[in-house]
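Asks: I need the structure of the sequence given here:
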Amino acid sequence: MITSPHNDKLKEVRRLHRRREGRFVAEGEDLLEAAAQAGWPAVYELRSGIDVEPELLDAVSGLGSGTRALGVYEQRWSAPTGPLCVALWGVHDPGNVGTVLRSAAAFGASCVAIGPETADPFGPKAVRASMGAIFAVPVARVASVKQLPAPRLALVAHGGEALRGPGEGTLVVGAERTGLPEGVVEDCDGAAGIVIVGDSLNAAMAATIALYEWTRVPDR
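Replies: A predicted model of the protein is given here:
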């Protein structure tokens, strides 16, 4: 059992909360179970009272209440693949990124692509918000819309075509306040919108509604 705060594993956990370095931390028994079910082995796990003294594990936890278990995992990056991809462009909030991962898993998306100026999907807040989907949905990193599976649809606040399912290709989602850059919209094959009364929706909520509409099978 680890009894010293100077243990190398505890040092790495503290460091990974600040920067990922090819690995990331998942905290909580539910996330560790999600990783196991996905066949994603941990580099190592630390369980309170078994592998490490409880107060030492709490000291390196990123949760305010401490944790009973955490795991360190290697990051996995995939190529962007179809038939249904969600791409995030300039989505800065890691909580939104994690929530989109969760929605992507719920609606059977093939992958989530991380575009420029988007929060790290392997950051602690994104991993927690994903509720284990980080282990279930392939994650890609792209620099250009052209790297995404076609057809590419830009999700815009107002205007654009109505989303009708079942659809294929890539849904490109931008930041809540600024939306997608004009150049990104132009590089897409079309634009799609959600009918709302207000000015905008939270990026994760907009992506979730769009995924629902794009995957829904029309009533026969």
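Asks: hmm, Val86 is touching Leu171, no?
Replies: Yes. If you go by CB atoms under 8 Å, Val86 and Leu171 touch, sitting 5.3 Å apart. The C-beta positions use only the backbone N, C-alpha and C, and glycine is treated the same way.
Asks: what about the spatially closest residue to His158 that is not a sequence neighbour, how many neighbours?
Replies: Spatial nearest neighbour of His158, excluding adjacent residues (CB to CB, 6 or more residues apart in numbering): Gly193 at 6.1 Å. The tally of other residues near Gly193 (other CB atoms under 10 Å) stands at 18.
Asks: the lowest-mean-pLDDT helix or strand in the chain pairs with which strands?
Replies: In the chain, the helix or strand scored least confidently by mean pLDDT, DSSP states H and E is strand 161-162, which has a mean of 83. Its sheet considered, strand 161-162 pairs with strand 190-193 (parallel) by DSSP bridges.
Asks: in the strand it pairs with, what's buried?
Replies: For strand 190-193, burial by neighbour count (16 or more other CB atoms under 10 Å) applies to 191-193.
Asks: same deal with stretch 184-202?
Replies: 184-185, 187-188, 191-194, 200-201.
Asks: who touches it?
Replies: Residues outside stretch 184-202 that contact it (CB atoms under 8 Å, 6 or more residues apart in numbering) are 89, 96, 115, 144-146, 150-163, 169, 171-172, 174, 176-177, 179, 206, 209-210, 213-214.
Asks: cool, stretch 50-66 as well?
Replies: Outside stretch 50-66, the residues that reach it (CB under 8 Å, 6+ apart) are 1-5, 7, 9-10, 13-14, 17, 25, 27-28, 45-48, 67-68, 70, 124.
Asks: buried subset of those?
Replies: Among the contacts of stretch 50-66, the ones that count as buried by 16+ other CB under 10 Å are 9-10, 13, 17, 25, 27-28, 45-48, 67-68, 70, 124.
Asks: which among those gets closest to Gly82?
Replies: When the buried ones among the contacts of stretch 50-66 are compared for distance to Gly82 (CB to CB), Pro124 wins out at 29.8 Å.
Asks: now do the shared contacts for Val86 and Leu171.
Replies: 207, 211.
Asks: ok so, going back, what subset of the contacts of stretch 184-202 is buried?
Replies: 89, 96, 115, 145, 152-157, 160, 163, 169, 171-172, 174, 176, 179, 206, 209-210, 213-214.
Asks: mind listing which of these are in helices?
Replies: Those of the buried ones among the contacts of stretch 184-202 mapping onto helices are 96, 206, 209-210, 213-214, per DSSP state H.
Asks: distance to Leu56 and pLDDT added to the residues you listed, as CSV?
Replies: Below are those laid out as CSV (distance: CB to CB, whole Å; pLDDT from 0 to 100):
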residue, distance to Leu56, pLDDT
Asn96, 32, 97
Ala206, 42, 91
Ile209, 43, 92
Ala210, 44, 93
Glu213, 48, 91
Trp214, 47, 92
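Asks: pick the one among the residues you listed closest to Arg102.
Replies: Distances from Arg102 to those, taken as CB to CB, are shortest for Asn96 (10.6 Å).
Asks: and that closest one, how far is that from Leu201?
Replies: 11 Å (CB to CB, to the nearest Å).
Asks: which residues do the two both contact?
Replies: Common contact partners of Asn96 and Leu201 (CB under 8 Å, 6+ apart): Glu176.
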